[in-house]
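Engineer: Just a sequence and a predicted model for now, questions to come.
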Amino acid sequence: MAIYKIGGHVLPGYEAVYEAFESNFLKSRESKSQLCAYVKGEKVVDLWGSIDGDTTYNGDSLQPVFSSTKNLSALAIAWCVDQGLLDYEDPLLKHWPELKYKENMKVCDVLRHESGLHKLSKGLTPTDLQRSNIKNNSIGQVIEMELQEFPESSKRCYHTMTRGWILNELFRRVHPDKLTIGEFLRKEFSAEPFKADVHIGFESDSDPSYENIFELDVLGVGSTMFQTCLPTFSKFKRVDLNPIQFITKVNNVRKRIKESNNQEKPEDILLENVGKFSFSDRCLIFNKKELRTGEVPSANGTCSARGLGKIASILASKGSHDGKQFLSKETWTKMHSAPTKEWDALLGFSTRFTLGGVSQFTIEKSKNPDLEIVSKNRDGFYGWMGFGGSVFQWEPEKEIGFAYVPTFLEWYDMLNTKGSVLQKTVVECVEALNKSDSL
């Protein structure tokens, strides 16, 4: 049995969530992780744990959350809509006239991963990502010269890295103070009334919050394969798959890359001209200082589950928290409106992205049993998730805000199944309590 330490608390009625969270440590499926959930503006779950009993890790610790960051950039654009600075249906050229050959590209196209700019022909370096260089158009000039390219199978192709860079260029052009998305998040959420610890880029490694970042942990392909061969009762087993299941998942990932017009590996965009890296290094790129201080608003969010959970609660409550309205209900409704279902050429399954660029999750019939189970677990939620396991989503009908952030990356699971089980458990607790109250 693993030696682990869990801190935090759950409110009465949510004991099953604690048990589900703890079970991942009992199965050695975690290194360090946090779980936070709100219901109707009240924090009902606030948990963190460490497999090795590390007492320096707590509910305020920060870790990279990969594509869960995309919700933060979508929120920044929603704020612009709320302020009347732009509209989701605006052509990008209206606010960014230097864009070439992209007359028909709308803001909502970028948010839905339908801009035709899912990859860049010119690689970026970590230096390009630094805030001062972004403001000197280091990334903007690259995007301006790109030509749109759509896969044959679908107009939607997941913008792993590029969505955030495009949105950041748009955001800083329309913001009255020309802030980047990273600067905006610091200004709006670092202090009261929201006080949510979420970051996209740090000014430097001397930032006080920087000292509270915990690094990611990953098993390479060979080590993961070895893990799948261990018996289920082994105390050393960290991968909840058998060899056949693992090979199937790896082949699915490879197939997705091939079918998306040979899209560059996301990490190649960042690591070009930096040197050759192993598979593990590629998974752990956001452990690197130069990528923590830069801005990648699609992928390099550094957050706590508490911070993401509070923002998820704001969105679950239609834009408000403790009487403070961050978004008007009109803009909130627009952000969550018009979900369109399209096959995604990179992900290999259909997604439903709204006008404001957040995914709507509904029960889906699928030949992929994992997808069917996960869609059922997330039915009614909006938001997105991140490579390796993080989940940042909200359910407006029951007013649930949910955030789960692990440091141990299950890179082979594109659906973040582990997090979906925790979501389902929270929902079941809410439903049981509602039923009890109605008796």
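Structural biologist: On my side now, so go ahead. Residues are numbered from 1 along each chain as shown.

Engineer: Quick one: residues contacting the residue nearest the centre of the chain.
Structural biologist: Nearest to the mean C-alpha position of the chain, by Cα atoms, centre = their mean, lies residue 68 at 0.9 Å. Contact partners of residue 68, counting by Cβ atoms under 8 Å, 6 or more residues apart in numbering, are 301, 303, 308, 383, 384, 385, 386, 390, 391, 392, 403, 405. Heads up, the C-betas are built off the backbone N, CA and C, glycines and all.

Engineer: If the first one is in a bridge, with which residues?
Structural biologist: Judged by DSSP bridges, the bridge partners of residue 301 are residue 200.

Engineer: pLDDT wise, what is it at?
Structural biologist: Residue 301 is assigned 96 on the pLDDT scale.

Engineer: mind listing the strands for the stretch 151-300 of the chain?
Structural biologist: 198-200, 217-218 (DSSP state E, counting those that start in this stretch).

Engineer: which residues does residue 436 contact?
Structural biologist: residue 13.

Engineer: Swap in 7 Å and give it another go.
Structural biologist: For residue 436, no residue meets the contact criterion (Cβ atoms under 7 Å, 6 or more residues apart in numbering).

Engineer: Hmm, residue 359 is touching residue 353, no?
Structural biologist: Yes: under the criterion of Cβ atoms under 7 Å, residue 359 is in contact with residue 353, at a separation of 5.6 Å.

Engineer: one step back: which one of the strands of the stretch 151-300 of the chain has the poorest average confidence?
Structural biologist: Across those, strand 217-218 gives the lowest mean pLDDT, at a mean of 74.

Engineer: that older thread, give the helix, strand or coil label for the residue nearest to the centre of the chain.
Structural biologist: Here residue 68 is recorded as helix under DSSP: H, G, I helix; E, B strand; the rest coil.

Engineer: Kindly report the same for residue 311.
Structural biologist: helix.

Engineer: For the residue nearest to it when sequence neighbours are not counted, give me its contacts.
Structural biologist: Nearest non-adjacent residue to residue 311, counting by Cβ to Cβ, 6 or more residues apart in numbering: residue 196, 5.3 Å away. Contact analysis of residue 196 by Cβ under 7 Å, 6+ apart lists 189, 307, 310, 311.

Engineer: for the chain, which spans come out with low pLDDT?
Structural biologist: 1-2, 206, 218-282, 439 (pLDDT under 70).

Engineer: that's a helix at residue 404, yeah?
Structural biologist: No: counting by three-state DSSP, one finds residue 404 to be strand, located in no helix.

Engineer: What about it, how many residues nearby?
Structural biologist: Residue 404 has 32 neighbours, counted by other Cβ atoms under 10 Å.

Engineer: isn't it right up against residue 388?
Structural biologist: No: Residue 404 is beyond contact range of residue 388, at 11.4 Å (criterion: Cβ under 7 Å).

Engineer: Could you give the separation of stretch 69-88 from the chain centroid?
Structural biologist: 16 Å (Cα atoms, centre = their mean, to the nearest Å).

Engineer: In helices only, show me the contacts of residue 68.
Structural biologist: Among the contacts of residue 68, the members found in helices (DSSP state H) are residue 308.

Engineer: How far does stretch 178-193 stretch from one end to the other?
Structural biologist: Chord length of stretch 178-193, first to last residue, is 23 Å (Cα to Cα, to the nearest Å).

Engineer: Next, the distance between the ends of stretch 145-162.
Structural biologist: OK, stretch 145-162 end separation, Cα to Cα: 14 Å.

Engineer: again, but for stretch 286-294
Structural biologist: Terminal-residue distance, stretch 286-294 (Cα to Cα): 10 Å.

Engineer: Pull out the buried positions in that stretch.
Structural biologist: Under the neighbour-count criterion of 16 or more other Cβ atoms under 10 Å, stretch 286-294 has 286, 287, 288, 291, 292, 293, 294 buried.

Engineer: out of the contacts of residue 196, which is most surrounded?
Structural biologist: residue 307 (29 neighbours).

Engineer: my guess is that one contacts residue 199, does it?
Structural biologist: No: between residue 307 and residue 199 there is no contact, the gap being 8.5 Å when judged by Cβ under 7 Å.

Engineer: chain center to the helix or strand hosting residue 427: distance?
Structural biologist: Per DSSP states H and E, residue 427 falls inside helix 417-438. Chain-centre distance of helix 417-438: 22 Å, with Cα atoms, centre = their mean.

Engineer: Just the CA atoms of that helix, as PDB, please.
Structural biologist: Taking C-alpha atoms only, helix 417-438 is exported to PDB below (Å, rounded to 0.1, in the frame of the first residue of the first chain):
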ATOM      1  CA  THR A 417     -11.100   9.500 -17.300                       C
ATOM      2  CA  LYS A 418      -9.900   9.600 -13.700                       C
ATOM      3  CA  GLY A 419     -11.100  13.200 -13.300                       C
ATOM      4  CA  SER A 420     -14.500  12.300 -14.800                       C
ATOM      5  CA  VAL A 421     -15.100   9.700 -12.100                       C
ATOM      6  CA  LEU A 422     -14.500  12.400  -9.400                       C
ATOM      7  CA  GLN A 423     -17.000  14.600 -11.300                       C
ATOM      8  CA  LYS A 424     -19.600  11.900 -11.300                       C
ATOM      9  CA  THR A 425     -19.100  11.300  -7.600                       C
ATOM     10  CA  VAL A 426     -19.700  15.000  -6.800                       C
ATOM     11  CA  VAL A 427     -22.800  15.100  -8.900                       C
ATOM     12  CA  GLU A 428     -24.200  11.900  -7.200                       C
ATOM     13  CA  CYS A 429     -23.600  13.600  -3.800                       C
ATOM     14  CA  VAL A 430     -25.400  16.700  -4.900                       C
ATOM     15  CA  GLU A 431     -28.400  14.700  -6.200                       C
ATOM     16  CA  ALA A 432     -28.600  12.700  -3.000                       C
ATOM     17  CA  LEU A 433     -28.600  15.800  -0.900                       C
ATOM     18  CA  ASN A 434     -31.200  17.500  -3.100                       C
ATOM     19  CA  LYS A 435     -33.400  14.400  -2.800                       C
ATOM     20  CA  SER A 436     -33.000  14.300   1.000                       C
ATOM     21  CA  ASP A 437     -33.900  18.000   1.200                       C
ATOM     22  CA  SER A 438     -37.100  17.400  -0.800                       C
END
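
Engineer: List the buried residues of that helix.
Structural biologist: 417-427, 429-430, 433.

Engineer: Next: stretch 74-89.
Structural biologist: Residues of stretch 74-89 classed as buried by neighbour count (16+ other Cβ under 10 Å): 74, 75, 76, 77, 78, 79, 80, 81, 82, 85, 86, 88.
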